[in-house]
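Novice: missing the sequence, but the structure's below:
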C-alpha cells in the first residue's frame, strides 16, 4: 500500500486521559481511534494486525478440531436466568437494553449459555460428542476500570471456544491439548518467550484454572515464575499446598507483573444441568455434558504485544502479525531514485510481498525514519541517492541499530521467503 | 468436511412463530439458530455462506479503492446529538444502554457519524481526499417488525462504505462506479439475473437514491420493472415527472414484489457541517466534505438468495457462495464402496475441493438424498454399488433432475476447475 493513500497519519499527541503505553503508541501510529474510555475503533493498520492474530487463532482452533460459528450479540434473558447469571447482583458487567415491543435483552459479555443452549437442539446421544465450537465476536462489558487502552475494554473482539465432552476424562484430554494450542498461539504471535502457563484460581466455575501470562510492567496481575519449570503461579493462589502439588520450590520463584492473555477453564456439568443439555450414553443412561471454556481477547493480545515488545522509538511488530512485512522508504525528489523505488514497490506487489511504501513527497527523511520506527514494521528498506550509488537498498530490521546495503535481488529473495 | 463431524442435523420442524421461507429452510438445514424474533446465530454451514458473501463484497470494495476498518458498536451520545440523530423522536430504532459510571451510550444502528467523526482527526486539506472507507459490522436495530427471518433483523451483519469527496462532481463520479460495483456483487453471488437497479426515494438524506431490488414474492417492496431498460422504479416514486426524467414508459412497466438487497445514497455536506468535517481547498478556502453512503446487509442478501433460488425440495446455492462446492454421498455399507468413497473424499481434500462428505452410516439412502436437496450444494456426487458397477460416480447438479455417471478423473477435473 502507498502511504500517500493511507488516510491515517502519525500524531505527536494522544487524548489527555490516555495513560497506557499501548493506547498511546497505537493512537499515535494511527492504528486505533478512541471513541470513549474503553472503546476503540480499529483503523486500517490496526485492523490488519487484528486480522492476522485472528488468522493464527483460527488456524490453531481448527487444528484441535474446533468448528466456527457466529453467535448473536443480543442475549435472551430466559436462558441466563436458568443459570442464575442474569441478575446484576450475580454478574456486575452486564449491558442491558429494552426491546420496543417490551422486555429486556442483554448484550453478550460471555458465551457459555448461548452455545450450550444451541447444542440442546443437536445433542442427544453419546455419538454426538465430543464437540468443540468457537466464535470470534464483539463482547460488551460494563467495566468501570477502563484505563489500560485495549488491554481492558468495555467493548472488545474475542475468540471463545467451548468444549462439550462426555465426561471428565475426555474433557481433561482435550484441556491438555488446548494448553499446547494456546502456547503455540502465543509463540506464533511473537510473545512465546515472555508468556508463561500460569496456575490460577478458577473463578466462578472451578477451584483452579490456567492462565497464560505475558511479562510486562503494564500488567494488572502479579505472578511468580519458576524459570526452570517454565511455568508460573498467580499470586492469588500462592499457597504452600498449591506449590507442593505443582512441584514448585518457593525460593526459585521470581515475582513479575504480567498481563493475562488467555485463560482456560474446566466448567464441568453445572451449566448443562441448569440448561438441560444432556445425552444418552451407550446404555441409554442420561448424563450431563461436561464443559470447558477457552478465551482469548484479540485486542488485549494486540495491546500486550505492543507493551511487551515496543521500545522508546515506537512499536516493534513480530513478522507474523505486522500490518506489513516491510516499510519501503524513498528519500529525496531525484527522478531516478523515485523511478527505482517505484519499480521495487511494483515488483514487491507482484510477488505478493506485504509492503507499505512511504512515497510521500512532502515529508522529510527524518520524519520518514521516525514514522517507520513508530509504526514498527519488521523490515525497513530505504531507496535513496546514496543507496543507489552503492547499487542497492539499505535494509534494516526494526530491532537492529544499523542497516546494510543489499542488492534488489537479495532483498526480493529475503522478502519472498517471508511472504 | 465429514458430515458425521458436523454437529448440526437437518430438522423437519421449525419454531412455530417462523413464517418466512428463508428462515424455515435455513433452520431446517441447520444454517442458523433462532435466538429470538429477529435475532439469529449462524451455525457452521450458515457462517460459510456469510463468509463467502463477505469475501466477494470485500473484493469489490477494495477494487473501487475502499479501505477497511472496524468501528465500535458502542456509540457516543455527543456525536449523534450534533447531527440531531440521538433523540428517539428522530431515530426510532435505537437500542440504548447505560454505563455503570453514569451516562448513556447507543448501540450502532448506522455508521455515518462514526466515520465522519474519525476523519476529523485526519482530514484537513484537499490532498487528503477523496476517501472511501468501509467496515463489516454487527448492527443493532430496535425493530418491531421482525417476521421475515434474516431479511430484517434486530441484529444483522452488514457492510457499510462511506465516500468522502471534495465536491458533488467528484462524488457523482464515484457514485456511478459504486452502481457498477454493486451490480457486480449481485451478479457474483448469483442473483444478478433477478436484481434491478431501482430508482427510489432518498429517505432522510436526499430526494432520490438507488436501490438494488431482487424479485421474489417474499419482498416487502413493490417495484415496476422496465425489462428493455434493465432498470426499475420503486412504487413510492412512481410519478409522471420521475418516469419522464428516467426515460421510462409507463405501459412497459411490470409490477413485482422485491427485496431491497442494497441501497446507495448521496448524503451531501449536512453531516460534515454538523460534525465539523471540513478541508482547505487549493486556495486555502474552507469547504465541507461531500458524503455518500453505500450499505449491504449480508444476512439479508443470504436470505434473499434463499428466497429467490430455492425450490420445493430445499435451498439452491450458487457456486460462489455455497458452503461446499460438492456434496459427496456414499450409499450402503459395502466395504469396497466405502473404501472408494473415502478415497475420492481424500483426493478432493488434497486438491482443495470444498466437499461435504455424507459418510453417515446410520442414515438411509433416501434421507441422504433429501438432505442433499435441502442443503443445496451445487453438485451432488453419489458413490454406490450401482455407480461402481458402471465404473464411476453419479454426478448431478442441484438444478438438474437426473444425474449421469462420470469417471473419477472427469469428476476431479470438473471440480478442480471450480476450486
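Specialist: Right, received. Where do you want to start? Remember, it's a predicted structure, so these values are computed and weren't measured experimentally.

Novice: confidence score at the closest residue in space to residue A:222 that isn't next to it in sequence?
Specialist: In this structure, residue A:222 finds its nearest non-sequential neighbour in residue A:235, 4.2 Å apart by C-beta to C-beta, 6 or more residues apart in numbering or on different chains. In this view, the C-beta of every residue, glycine as well, is placed from N, C-alpha and C. With respect to pLDDT, residue A:235 scores 95.

Novice: residue A:235: what's it in contact with?
Specialist: A:221, A:222, A:223, A:224 (C-beta atoms under 8 Å, 6 or more residues apart in numbering or on different chains).

Novice: distance check, the residue in the stretch 201-350 of chain A that chain B sits nearest to against residue A:151.
Specialist: Among all residues of the stretch 201-350 of chain A, residue A:299 sits closest to chain B, at 10.1 Å; criterion: C-beta to the nearest C-beta. As for residue A:299, its distance to residue A:151 is 8 Å (criterion: C-beta to C-beta, to the nearest Å).

Novice: mind listing what's buried along the lengthiest strand in chain A?
Specialist: Taking DSSP state E as the criterion, chain A has its longest strand at strand A:253-268. Under the neighbour-count criterion of 16 or more other C-beta atoms under 10 Å in any protein chain shown, strand A:253-268 has A:253, A:256, A:258-268 buried.

Novice: repeat for stretch A:18-31
Specialist: By neighbour count on 16+ other C-beta under 10 Å, the buried set for stretch A:18-31 is A:18, A:20-31.

Novice: before we move on, what about stretch A:77-94?
Specialist: A:79, A:80, A:82, A:83, A:85, A:86, A:91, A:94.

Novice: average pLDDT across it?
Specialist: Stretch A:77-94 comes out at a mean pLDDT of 96.

Novice: which outside residues touch it?
Specialist: A:103-107, A:109, A:112-114, A:117, A:141-143, A:270-271, A:274-275, B:100.

Novice: returning to that earlier point: which helices and strands sit right next to the longest strand of chain A?
Specialist: Strand A:253-268 sits against helix A:168-188, strand A:195-201, strand A:208-215, strand A:221-226, strand A:231-234, strand A:290-297, helix A:298-309, with contacts defined as 3 or more C-beta pairs under 8 Å, 6 or more residues apart in numbering or on different chains; DSSP states H and E.

Novice: run the last query once more with 7 Å
Specialist: Contact here means 3 or more C-beta pairs under 7 Å, 6 or more residues apart in numbering or on different chains; DSSP states H and E; on that basis strand A:253-268 packs against helix A:168-188, strand A:208-215, strand A:221-226, strand A:290-297, helix A:298-309.

Novice: so which residue of the stretch 151-300 of chain A comes closest to chain B?
Specialist: For the stretch 151-300 of chain A, C-beta to the nearest C-beta, closest residue to chain B: residue A:155, 5.1 Å.

Novice: which residues sit in contact with that residue?
Specialist: By C-beta atoms under 7 Å, 6 or more residues apart in numbering or on different chains, the contact list for residue A:155 reads A:39, A:138, A:140, B:72, B:73, B:74.

Novice: quick check: end-to-end length of stretch A:229-248?
Specialist: End-to-end span of stretch A:229-248 (C-alpha to C-alpha, to the nearest Å): 8 Å.

Novice: could I get the buried residue list for that stretch?
Specialist: Buried residues in stretch A:229-248 (16+ other C-beta under 10 Å): A:229, A:231, A:232, A:233, A:234, A:237, A:238, A:242, A:243, A:248.

Novice: pretty sure residue A:150 contacts residue A:22?
Specialist: Yes. Counting by C-beta atoms under 7 Å, residue A:150 touches residue A:22, with 6.0 Å between them.

Novice: let's have the buried residues of stretch A:18-31 in TSV, adding secondary structure, distance to residue A:133 and pLDDT.
Specialist: Listed next are these as TSV, based on DSSP: H, G, I helix; E, B strand; the rest coil; distance: C-beta to C-beta, whole Å; pLDDT from 0 to 100:
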residue	secondary structure	distance to residue A:133	pLDDT
A:18	coil	36	88
A:20	coil	33	93
A:21	helix	35	95
A:22	helix	30	97
A:23	helix	32	96
A:24	helix	37	96
A:25	helix	35	97
A:26	helix	31	98
A:27	helix	35	97
A:28	helix	39	97
A:29	coil	35	97
A:30	coil	36	97
A:31	coil	31	98
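
Novice: out of these, who's nearest chain B?
Specialist: Taking C-beta to the nearest C-beta as the measure, chain B lies nearest residue A:30 of those, at 7.6 Å.

Novice: and the closest residue to the closest one other than its chain neighbours, which of the three is it?
Specialist: Nearest residue to residue A:30 in three dimensions, chain neighbours excluded: residue A:8, at 3.0 Å (C-beta to C-beta, 6+ apart). Recorded secondary structure, residue A:8: coil (DSSP: H, G, I helix; E, B strand; the rest coil).

Novice: where does residue A:81 fall, phi/psi-wise?
Specialist: Torsion angles at residue A:81 (phi, psi; degrees, to the nearest 10) stand at phi -70, psi -30.

Novice: after the longest strand of chain A comes which helix or strand?
Specialist: helix A:270-275 (DSSP states H and E).

Novice: can you name every helix or strand that that following helix contacts?
Specialist: Using 3+ C-beta pairs under 7 Å, 6+ apart: helix A:270-275 touches helix A:112-119.

Novice: brilliant, that's me finished.
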